[in-house]
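Q: just coords:
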């Protein structure tokens with residue numbers, strides 16, 4: 001594979017999952033770790049991503065104020081607008097992080113009155129702009145890779161919450177493989193978030209459908225709502241329509 005082809009592949013992985021691990025890229029591209037490190041550095045030099053220990057991050061992950069770097073933003077706006085219909089006054093809502101969740105928060109109606117728990121400082125900042133929203137940021141260790149808090153202390157706090165609805169983004173969703181991720185800590189965090197919520201909604205651009213990663217969060221049947229930018233009768237969603245999940 002030519003260098004430009006590797007760069008394009010790396011950027012697609014970054015755009016889809018917001019982060020990549022050097023070890024994963026070595027296996028996926030069948031090249032040396034030194035080659036991947038050089039590729040990542042060149043992409044950093046071009047201003048396309050941020051390099052971190054063990055991999056790289058999307059530039060859009062580092063700010064809630066610069067929409068120009070958000071991948072597939074038009075699709076995420078459609079998803080966000082659909083998802084806001086799930087929020088009712090008086091609800092207790094638990095939300096994760098990521099660019100789709102940030103877009104969801106920006107699309108909330110100004111007069112909404114609800115309590116939001118979040119593990120994302122960036123999401124908390126956006127939520128604080130709403131006068132009638134109570135914002136509770138769950139503190140703990142901070143993941144530079146995922147831009148959320150994590151760890152045993154966070155999971156302990158989550159166990160004390162009884163949320164009406166949990167909203168989260170995802171790196172991958174498959175009708176048989178369910179909701180999956182690549183990061184062990186984030187995997188455990190998502191499991192805890194789902195466990196303390198009556199209902200759950202996964203916000204997912206269609207490019208992340210039919211993908212299975214190495215760590216399973218939950219089966220598709222454990223998700224109450226799947227929100228994509230597609231019409232809920234779209235042929236790409238046929239395998240999901242047969243599952244016990246409401247498609248918006």
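A: Cool, got the structure. Because the structure is a prediction, the values reported are computed rather than measured. Numbering: from 1, shown residues only.
Q: buried sites along the longest helix seen in the chain?
A: Of all the segments assigned as helix in the chain under DSSP state H, the longest by residue count is helix 3-17. When burial is assessed from 16 or more other Cβ atoms under 10 Å, helix 3-17 yields the following buried residues: 6-7, 9-11, 13-17. Where C-beta positions appear, they are placed from N, C-alpha and C, glycine not excepted.
Q: same thing with stretch 178-195?
A: The neighbour-count check on stretch 178-195 (16+ other Cβ under 10 Å) flags 178-183, 185-194 as buried.
Q: check stretch 192-211 too.
A: Buried residues in stretch 192-211, counting neighbours by 16+ other Cβ under 10 Å, are found at 192-194, 196-197, 200-206, 208-209, 211.
Q: ditto for stretch 142-159
A: Counting neighbours by 16+ other Cβ under 10 Å, one finds that the buried residues in stretch 142-159 are 143, 145-150, 154-155, 157-158.
Q: and which of these is nearest residue 55?
A: Nearest to residue 55 out of the buried residues of stretch 142-159 is residue 145 (Cβ to Cβ; 7.0 Å).
Q: tell me the contacts of the closest residue to residue 230 other than its chain neighbours?
A: Spatial nearest neighbour of residue 230, excluding adjacent residues (Cβ to Cβ, 6 or more residues apart in numbering): residue 206 at 5.4 Å. Remark: with contacts taken as Cβ atoms under 8 Å, 6 or more residues apart in numbering, residue 206 is in contact with 75, 228-230, 234, 236.
Q: switch to 7 Å and redo it
A: Listed by Cβ atoms under 7 Å, 6 or more residues apart in numbering, the contact partners of residue 206 are 228-230, 236.
Q: next, format the residues you listed as CSV and append neighbour count, distance to residue 91 and pLDDT.
A: Below are those laid out as CSV (neighbours: other Cβ atoms under 10 Å; distance: Cβ to Cβ, whole Å; pLDDT from 0 to 100):
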residue, neighbour count, distance to residue 91, pLDDT
228, 25, 22, 95
229, 21, 24, 95
230, 18, 26, 93
236, 12, 30, 89
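Q: would you turn those into a markdown table with distance to residue 120?
A: Converted to a markdown table, those look like this (distance: Cβ to Cβ, whole Å):
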| residue | distance to residue 120 |
| --- | --- |
| 228 | 21 |
| 229 | 22 |
| 230 | 26 |
| 236 | 28 |
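Q: quick one: which of the residues you listed is nearest to residue 163?
A: Within the set of these, residue 228 lies nearest residue 163; the separation is 22.4 Å, counting by Cβ to Cβ.
Q: tell me which residues touch that closest one, please.
A: Under the criterion of Cβ under 7 Å, 6+ apart, the neighbours of residue 228 are 79, 204-206.
Q: so which of these are in helices?
A: Among these, the members falling in helices (DSSP H) are residue 79.
Q: closest one of the contacts of residue 228 to residue 224?
A: Of all these, residue 204 has the smallest distance to residue 224: 13.6 Å, by Cβ to Cβ.
Q: correct me, but the closest one touches residue 170?
A: Yes - assessed by Cβ atoms under 7 Å, residue 204 is found in contact with residue 170 at 5.2 Å.
Q: show me what the longest helix of the chain is packed up against.
A: For helix 3-17, the contact count by 3 or more Cβ pairs under 7 Å, 6 or more residues apart in numbering; DSSP states H and E identifies strand 19-21, helix 22-29, helix 33-45, strand 55-58 as packing neighbours.
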